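Engineer: structure, please.
(chains A, B, C and D)
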Number of protein chains: 2
Amino acid sequence: MKIDPDSNAGLSAQIAKSIRDAIISGALIVDERLPSEAELAEHFDVSRPTIREALKRLAAQSLIRTQRGAFGGAFVRHLSYEDAREQLVTTSTLLLSMNGISFDTACEARFALERACAPMAAQRRGPEQLAIMRAEIERQIEPGLTDEAFCASDVKFHRALVDGAQNPVLSYQLSGSIEAMQPLMNMITFTARSRAEIVEIHTGILDSIEARDAELATKILQQLEDVTKRLAYSVIDAKAVAHSKKALTDAARVSTD
Amino acid sequence: MKIDPDSNAGLSAQIAKSIRDAIISGALIVDERLPSEAELAEHFDVSRPTIREALKRLAAQSLIRTQRGAFGGAFVRHLSYEDAREQLVTTSTLLLSMNGISFDTACEARFALERACAPMAAQRRGPEQLAIMRAEIERQIEPGLTDEAFCASDVKFHRALVDGAQNPVLSYQLSGSIEAMQPLMNMITFTARSRAEIVEIHTGILDSIEARDAELATKILQQLEDVTKRLAYSVIDAKAVAHSKKALTDAARVSTD
DNA sequence: AGACTTTTAAATGTCTGACAAATGAAAATC
DNA sequence: GATTTTCATTTGTCAGACATTTAAAAGTCT
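Structural biologist: Numbers count the residues shown, from 1 in each chain, chains lettered A, B, ... in the order given. Okay, here's the model as predicted:
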């Protein structure tokens, strides 16, 4: 195999790409063993550390797993929903935090997608999803609950709703939207009053899903989006006020120095 | 920093996780320079190759970029939409191909999400998106077009539709659904008749989006889902027939041996 | 003094060689 | 025949070295 040593991509990156393409194209199938590091090193005409760096890149993407010992080696990994979800959440979270995505934009996207699941969930939800939603609502009315725990429960509730659609691809895609918003949601302080409001909405969603009323469920989800945005605005406004107050204070202090 | 050498996770994996967490938590901000490999090696009390493997893992996830030379090093990378999209498509494609997802399931998820974008696209689409959709429809009626090119144009058309919602998060999330289905779509042979049918539907979508008719656009997208599934079924059926014919032939040959 | 060239130090990229640890197969032993 | 031991294979890790790149610093010329 020819690897261009003059490319500025780096040898290990090129080798990783080469193997990755083979996996994606299906030339290497699940659980198939790759050649040993020594063989790969000879094949690509590079040293073993370089091969190892390439393999680590693939391992980071959950494309391969490695096993030590005789008859060990690198194997094409079966990409599970859990692995895929984890990567999606990581990437989505970073994307939101690094690109200055407004709460509004993220919230709009998330609820638009979630509303798309509602009709399917209303039609197909099983008793497990209803049970989870009910349990999480119970949890959300516990008095001593921290904001983080409230958010975590909120995520579980909505994941159960999405899972109700009984479409694993949908569950996977939505987890990126729902869980990636958790850091943003965690910035909100949930007052007793706003919690009660959310719990009431959640109860409405649960009831409508249980009653297989797709239209109502969609409508209540729209309400939840509005309430969530309103809550976020109040937090942002409070911060803006705090900032300008601080700015004023700072300015006053400087002027008296 | 203490790294547990007895953990079966592997040193480089643990170190990668440690740095990754720091990036995700915001302790390391964009464009911040990480310590040099030598310093990291000393800090984590491991050798430089081990540090390098850890850094390659992070590079594979587009979390860092490296720069050679004096004052070079590893920098926290600004995760662009393009990078995130690329990773999402890779992961989604593998997820579909490795978990025996039926065309039905993938198709249902994709169109459910796409329909969620339609109302927003109808309301906010700009002239750019309309132009792209129009251009791709023109392309799709070219006579000599291969099936692959037809699929590729189809993807562009639908991406333009989603982009019309003017929500980058939505565009990002949907690209995973739309592009990851391309390998599945490529298995379909598009007859002149089915192409005409699809082009007609695409035209209907374009017109309804241009007319800001959200309801009509959603309805036509539902039609497209039905047509797409029907097309896929015919391909699957044809293959099933071919298989059973082959099985019969094989059986006949065996019995005469 | 200012613009250009050269030097130099710092950092990543890569290689060689070595040893440790895990692991399953094969051989040896009871 | 079942159990234990040995052994070869393969990944995990380390140490040290050299090559290459890069930008700052020093030097040089106009």
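
Engineer: for residue A:30, give me its contacts.
Structural biologist: Residue A:30 sits next to A:76, A:77, A:78, B:98 when contact means Cβ atoms under 8 Å, 6 or more residues apart in numbering or on different chains. Placement of C-beta: from N, CA and C, glycine included.

Engineer: mind running it again at 7 Å?
Structural biologist: A:76, A:78, B:98 (Cβ atoms under 7 Å, 6 or more residues apart in numbering or on different chains).

Engineer: beta partners of the first one?
Structural biologist: The partner list for residue A:76 in beta bridges (DSSP bridges) reads residue A:64.

Engineer: so how many other residues sit close to it?
Structural biologist: 20 (other Cβ atoms under 10 Å in any protein chain shown).

Engineer: tell me the contacts of it?
Structural biologist: Residue A:76 touches A:23, A:28, A:29, A:30, A:31, A:32, A:64, counting by Cβ under 7 Å, 6+ apart.

Engineer: hmm, stretch A:28-39 in reach of DNA strand D?
Structural biologist: Yes. Counting by Cβ under 7 Å from any atom of the strand, DNA strand D has neighbours in stretch A:28-39: A:34, A:36, A:37, A:38.

Engineer: now the residue in the stretch 51-200 of chain A positioned nearest to DNA strand C: how far from DNA strand D?
Structural biologist: DNA strand C sits closest to residue A:69 of the stretch 51-200 of chain A, with a gap of 1.9 Å, by Cβ to the nearest atom of the strand. Distance check for residue A:69 against DNA strand D: by Cβ to the nearest atom of the strand, to the nearest Å, it reads 5 Å.

Engineer: repeat that for residue A:218.
Structural biologist: Applying Cβ to the nearest atom of the strand to residue A:218 and DNA strand D gives a distance of 48 Å.

Engineer: and that residue, what does it touch?
Structural biologist: A:115, A:118, A:119.

Engineer: mind checking which of these land in helices?
Structural biologist: Mapping these onto helices (DSSP state H) picks out A:115, A:118, A:119.

Engineer: if you rank those residues by neighbours, which is first?
Structural biologist: The most crowded member of the ones in helices among the contacts of residue A:218, judged by other Cβ under 10 Å, is residue A:118 (28 neighbours).

Engineer: excluding chain neighbours, what is closest to it?
Structural biologist: Nearest in space to residue A:118, with sequence neighbours left out and distances taken as Cβ to Cβ, 6 or more residues apart in numbering or on different chains, is residue A:217 at 4.4 Å.

Engineer: using JSON lines, please lay out the contacts of residue A:76 together with distance to residue B:154.
Structural biologist: Shown next, in JSON lines, are the contacts of residue A:76 (distance: Cβ to Cβ, whole Å):
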{"residue": "A:23", "distance to residue B:154": "25"}
{"residue": "A:28", "distance to residue B:154": "28"}
{"residue": "A:29", "distance to residue B:154": "28"}
{"residue": "A:30", "distance to residue B:154": "29"}
{"residue": "A:31", "distance to residue B:154": "33"}
{"residue": "A:32", "distance to residue B:154": "32"}
{"residue": "A:64", "distance to residue B:154": "32"}
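
Engineer: need the residues you listed in CSV with secondary structure and pLDDT, can you?
Structural biologist: Shown next, in CSV, are the contacts of residue A:76 (DSSP: H, G, I helix; E, B strand; the rest coil; pLDDT from 0 to 100):
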residue, secondary structure, pLDDT
A:23, helix, 93
A:28, coil, 93
A:29, coil, 92
A:30, coil, 93
A:31, coil, 93
A:32, coil, 94
A:64, strand, 96
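
Engineer: can you tell me which of those is nearest residue B:92?
Structural biologist: If you rank those by distance to residue B:92 using Cβ to Cβ, residue A:23 comes first, at 14.4 Å.

Engineer: need the contact list for that closest one.
Structural biologist: Counted by Cβ under 7 Å, 6+ apart, residue A:23 has contacts A:63, A:76.

Engineer: could you pick out the residues of the stretch 1-150 of chain A near DNA strand D for me?
Structural biologist: Residues of the stretch 1-150 of chain A lying near DNA strand D (Cβ under 7 Å from any atom of the strand): A:34, A:36-38, A:48-49, A:52, A:55, A:66-74.

Engineer: sorry, back to before: element containing the residue nearest to residue A:118?
Structural biologist: Taking DSSP states H and E as the definition, one finds residue A:217 inside helix A:214-256.

Engineer: pull the CA atoms of the helix or strand where residue A:39 lies into PDB?
Structural biologist: Residue A:39 belongs to helix A:37-44 when assigned by DSSP H and E. The C-alpha trace of helix A:37-44 is given here as PDB (Å, rounded to 0.1, in the frame of the first residue of the first chain):
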ATOM      1  CA  GLU A  37       0.300  -4.100  14.100                       C
ATOM      2  CA  ALA A  38       3.500  -5.500  12.900                       C
ATOM      3  CA  GLU A  39       1.900  -6.700   9.700                       C
ATOM      4  CA  LEU A  40       0.100  -3.400   9.100                       C
ATOM      5  CA  ALA A  41       3.400  -1.600   9.700                       C
ATOM      6  CA  GLU A  42       5.000  -3.700   7.000                       C
ATOM      7  CA  HIS A  43       2.100  -3.300   4.700                       C
ATOM      8  CA  PHE A  44       1.900   0.400   4.900                       C
END
